Structure formats: structure tokens, C-alpha cells
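[1] Mind looking at a prediction? Sequence and model below.
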Amino acid sequence: MLRGYPQPQGLYDPRFERDSCGVGFLCHIKGKASHKIVEDALLMLENMNHRGACGCEANSGDGAGILVRTPDKFLRRKCKELGINLPPLGRYGVAMCFLPKDMVARHECEQTLERIARENGMVVLGWRDVPTNSRSIGPTPKRSEPKIRQCFVAPDERFFNKADFDRRLYLVRQRAENVVEFNSENKAAREGFYINLMSANRLVYKGMLTATQLRDYYPDLSEPDFESALAMIHSRFSTNTFPSWDRAHPYRYLAHNGEINTLRGNRNWMRARYGALQSAVFGDELQKMYPILTESGSDSATLDNMIQFLCVNGRTLPHAVLMVIPEAWQQNDLMDPDLKAFYEYHACLMEPWDGPAAMVFTNGVQIGATLDRNGLRPARYIVTDDDHLIMASEAGVLPVPEEKIVRKWRLQPGKMLLIDFEEGRIVDDDEIKRKLAAEHPYAAWLEATQFNLSNLPDLAEEHREEFARATVPIRPNDPSVQLKQQQAFGYTQEDIQFFLEPMARDADDPVGSMGTDTPLAVLADLCAGGQRLALFMDGSL
């Protein structure tokens, strides 16, 4: 018997249980920073240790991490000890780097980052070794453990505003990683260089650790002046990829519990757009960022790449999130027409990143969470009377007296929870979407640019006489021509059989899912009278 699970009964067997990642965040709604938020977030993470995974070595985890607002007081003290003079908060950036242990490879990576920073109008202020304690980690993560260092940079006189500095930090990070990965002749450099985050307002501490190891591994996190107004945490369960130091969450904008099942298509479509992409922000420099999406990272890392790219090119964080994970809108006759036009317009620009997903995200100014359109991952939150909000993939991750709770609820399918620190409030889902839908005349744009099949002329009837006079018969639906066109545009037999034929025959848009809901023959009698029995692959009903 497996401890902690119900007794086997009927078709239920505890051996087939499947766990998912633990994800959540803690913040002060008014943006007040404190060390207690960091401490409580680490306790939340440790209480979700069961949602992470480990190998046959109990001290080798799949990954754990925490994202915080830049702890300015702490960094200023540490940098002063090193002789590094930091400008005011917001006027310097920190690159949290995983570097190779090999000295030659490490030097190449550091020099590349410094060179590209200078080329983009930045001053390199200095480096700091991040203290770590590897005594408690297992042999597997220890074999690939990186050297962890922080690089501090500041803008020179060419920068006019903070937004421009943030965008250039993204460009420097993206460019530095791509240069090393695709141009370096040193294998250790190519495989060992990763920048967790390069930002003026956020910092990530993560690794191939268990949830209970993170606090001990990074002594920085226990320093009393290490303060933040927000803390995003994640305990990883490697669903789709093998664990590694760089694949631990949080990423640069998000932490994610779930799977993106459309990943290959999302990557392919984005790669196909590279030749047509244009940016009013970066202009010709846009090509320096290619490839924009990682080909070797996890589905979560790739989704994070996409959200970063949309945000630095001018979209707000909620806008970017709703583009990649839209709510169910196509058959919703009760949805506001302007919001429906918003979703339809963006569906023409980008395919949804579909799959069971609970995602938390932040840009340091806002923090929030959303669920996929089907709501297939849990996410619960509480608000306390002292303006703290706790959101996690399960309830009870942090002990809070019941009398302090002023609101208790859960995320719903397709809905968004958002906290804006500049406004010091929770922004309602309806308000977010009304504002985005009203920014542009999306319905008018669709009307001006879309062509409906019902409005197209009947070309076959219009050109019937021309077809008849032709020396070689012209057949609009010539199978040989049709096959070549289908192949050229990437159609497959599956597309034709399971999508196009049902749409043409039944005017039905087919819906697919993971696994099978076909009842077994031995259960046929249970399905009599039109009843349907869904039997999932894990054996549970």
C-alpha cells in the first residue's frame, strides 16, 4: 500500500496517481517589501515539496526556485563590500548567470556578455559570486552544477527612459546567449551558459534542487535585508523534459504548472514568421534576437520566450498572456462583442498555446495568474486583512488564521487574477479585458480585412464557358493539382480525415483531447441507452 493514498477500490489503484508541479506566489498588494514575504514564500515552497519530483536519489530534485523583486538594500550592501557603486534602483540591471565550471569556457561567456552589453550602450559595473551551499544536494545535480555569478550593468547617457533600458537588457541577454550557443567553438561554453534573468526589477534564484533544498543552497535568501514585495515560487515535476539547472522555474516572466501540447506547432509557426516580423521598437535590430524561441528548452521555457518577446515589443503583460492563452470565445454568445473581436483578431496573428495549464506571471510591476480555457489545473487564492495575497496550486500552503482572511476563492477557466503594485489593488478580470478590448477598433479591423466564404463569387459558374472552350480541360478541383497544393501548405492525412472532412460533411469543428474516451468492449453494457463512459488512460473513471 502506498502511504497517503486511498485504499484500492473498484478500478482505482493508487499506483496510477499522477502529480503535477507546485506553483504559486505571495505578494503585498500595496507593494510594501519585507523579508517576511521571502520567508513565507520559501515556507510555501517547502509545503509543496510533494509536488516536485526526485530521482532514485532522495536528495536530487527536478528543480525549485523563487523569483523576487530586486532586493536593492541587500545588493547595495553586498556590492559596496566588493567596491561596486550601484546607481539608484531602476537605473541598474542584474544578470543572474549560470556559467561553466571550466575557467576558459566561463571567461568566454563573461567576455561575450560584457562585450554585447557595451555594444548596446551599457556600462559593466562588476561581477559578484553568488554564495552557494552544495552539501545537501545529490550526486546527479552536483555533476552538472554551474558556477553562479551576478553581473551588474548600468545605462550610459544614450538611454532616455527606463522602458528603453528594460528592452535593451532583453536584447543583451538574448543576443549573448545566442552568440555563445551558435558561434562558440567551446562545447563547455555552449552547454553551460544560461542567464536566468537580466532585469532592472527582478531576480531569480533557482536550480536542480528539491523544494526543501533551495533555502539552504542560496544563503542570500536568509539575509534579513533580502526584501521583496512579491515572491513567485515553483516546485518542478519534469513532465515533458529531463531535469536540469536551467529548466527549473521560475523563468523570466512566468512559472507554470501543466503542459503545452501544441508546442511543436507553436515553434514551427513562430519560426515561419521570422522573415515577416517587424518591430517599431527594435527596427533592424530585431534580427539580432533570432532565434526568439528556444529549441532545446521545455514547453514552459518556450512559452516564457514568447511572452517576453511580446512584452518588450510594446504589449502589456495581460495583453501578451491573453494572446497566448485565450479563454474559450468562439462559441460564447454571451461574450461582449468587442472582447470577442479582440480574441478573433489575435487568433489571426497567433495560434493559442493550448494544453492544461495554470500559469503565474510577473514583470515586477504587476503579478498575476491565469488558467487555460478548460480549467484543468487547480489554483486557489486568499486575501488577508493586512493586504497580502497568497495564490497556489492547492489550498493550505501557508498557515493563515481564519479571522485574517477577507476573501477566499479560486481561479476559474480562462480567467485572470492580476495585482497592480503601482495602483495598489487587485484588478478585476472583467476590467482587464474591457480595457484591452477598447484599446483598438478590433471589430472594424476584422470587417475591413476578413473575407467570408459565403460572400465570395462562384468562380466555377462565372468561368464555366471559359472552361468549356479550353483545349485542355480545366478542372478547378483537379486531384493532382490539389495534392501538390496540400503538400506545399503542410496538410496531412490526419488534417483531411479528422478535421476537413467532418467540417465539410457535418459543419462541425472537431475537438480532440489527450488519451481516449472510447469505452472498452467489456463495458459495452454500461453504455446502453446512449450513455457514454469516459475511461481515461490512467485507469480511473
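    All right, it came through fine. Numbering: from 1, shown residues only.
[2] Could you tell me how many residues sit around the closest residue to A58 other than its chain neighbours?
    Nearest residue to A58 in three dimensions, chain neighbours excluded: G138, at 7.5 Å (C-beta to C-beta, 6 or more residues apart in numbering). Glycine gets a C-beta too; all of them are placed from N, C-alpha and C. Residues lying near G138 (other C-beta atoms under 10 Å) number 20.
[3] pretty sure G138 contacts E145?
    No. G138 is not in contact with E145 according to C-beta atoms under 8 Å; the separation is 10.6 Å.
[4] Could you check how far the residue nearest to A58 is from N59?
    According to C-beta to C-beta, to the nearest Å, G138 and N59 sit 4 Å apart.
[5] element containing the closest residue to P318 other than its chain neighbours?
    Spatial nearest neighbour of P318, chain neighbours left out: I432 (5.1 Å); criterion: C-beta to C-beta, 6+ apart. Using DSSP states H and E, I432 falls within helix 429-438.
[6] do D166 as well
    helix 162-183.
[7] picking up where we left off before, next one: the helix holding I432 to chain centre, how far?
    Averaging C-alpha positions (C-alpha atoms, centre = their mean, to the nearest Å) puts helix 429-438 21 Å from its chain's average.
[8] Then stretch 358-375?
    A distance of 9 Å separates the centroid of the chain from that of stretch 358-375, by C-alpha atoms, centre = their mean.
[9] Next: stretch 193-211.
    Relative to the mean C-alpha coordinate of its chain, stretch 193-211 is positioned 14 Å out (C-alpha atoms, centre = their mean).
[10] first to last residue in that stretch, what's the distance?
    24 Å (C-alpha to C-alpha, to the nearest Å).
[11] How about stretch 217-232?
    17 Å.
[12] which parts of that stretch are buried?
    Y217, Y218, D220, L221, E223, F226, E227, S228, A229, L230, A231, M232 (16 or more other C-beta atoms under 10 Å).
[13] now for these, which pair is the farthest apart?
    Y217 and A229 (23.5 Å; C-beta to C-beta).
[14] For G258, list each beta-bridge partner.
    For G258, the beta-bridge partners under DSSP bridges are A357.
[15] Which stretches in the stretch 351-500 of the chain count as strands?
    Taking DSSP state E, counting those that start in this stretch, the strands of the stretch 351-500 of the chain run over residues 357-362, 366-371, 380-384, 388-392, 405-410, 416-420, 425-427.
[16] and of those, who's closest to V23?
    strand 357-362 (5.8 Å).
[17] Give me the contact list for the closest one.
    For strand 357-362, contacts defined as C-beta atoms under 8 Å, 6 or more residues apart in numbering pick out 23-25, 67, 202, 230, 232, 250, 253-260, 303, 307, 317, 321, 325, 367-372, 376-379, 391, 393, 411.
[18] Can you get me a residue count around S244?
    S244: 20 neighbours (other C-beta under 10 Å).
[19] how about the closest residue to it other than its chain neighbours, what does it touch?
    Nearest non-adjacent residue to S244, counting by C-beta to C-beta, 6+ apart: M208, 6.1 Å away. With contact set as C-beta under 8 Å, 6+ apart, M208 has these partners: 60-63, 137, 140-141, 144-145, 243-245, 248.
[20] ok, so of the residues you listed, who is nearest T294?
    For the contacts of M208, the nearest to T294 is S244 (12.4 Å; C-beta to C-beta).
[21] For the stretch 1-150 of the chain, which segments count as helices?
    Applying DSSP state H, counting those that start in this stretch to the stretch 1-150 of the chain gives helices spanning 35-47, 72-82, 103-119, 139-143.
[22] I meant the stretch 201-350 of the chain, not that one.
    214-217, 263-273, 299-312, 317-324, 337-349.
[23] Show me what the last one is packed against.
    The one in question is helix 337-349. helix 317-324, helix 429-438, helix 442-449 (3 or more C-beta pairs under 8 Å, 6 or more residues apart in numbering; DSSP states H and E).
[24] swap the cut-off to 6 Å and go again
    Other elements packing on helix 337-349 under the criterion 3 or more C-beta pairs under 6 Å, 6 or more residues apart in numbering; DSSP states H and E are helix 429-438, helix 442-449.
[25] what's the most buried one of those helices?
    Among these, ranked by average contacts under mean count of other C-beta atoms under 10 Å, first place goes to helix 429-438 (a mean of 17).
[26] Okay, angle between that one and strand 416-420 too, please.
    Interaxial angle of helix 429-438 relative to strand 416-420 (axes from the mean of the first three to the mean of the last three C-alpha atoms, to 10 degrees): 90 degrees.
[27] Which other helices and strands does helix 429-438 contact?
    Partner elements for helix 429-438 (3+ C-beta pairs under 6 Å, 6+ apart): helix 337-349, strand 416-420.
[28] how about the contacts of M208, which pair is most distant?
    D62 and E145 (15.0 Å).
[29] out of the two, which sits in the more crowded spot?
    Neighbour totals were compared for D62 and E145, and D62 leads with 25 against 17 (other C-beta under 10 Å).
[30] so that one sits right up against R236, yeah?
    Yes. D62 lies in contact with R236 (C-beta atoms under 6 Å); the separation is 4.3 Å.
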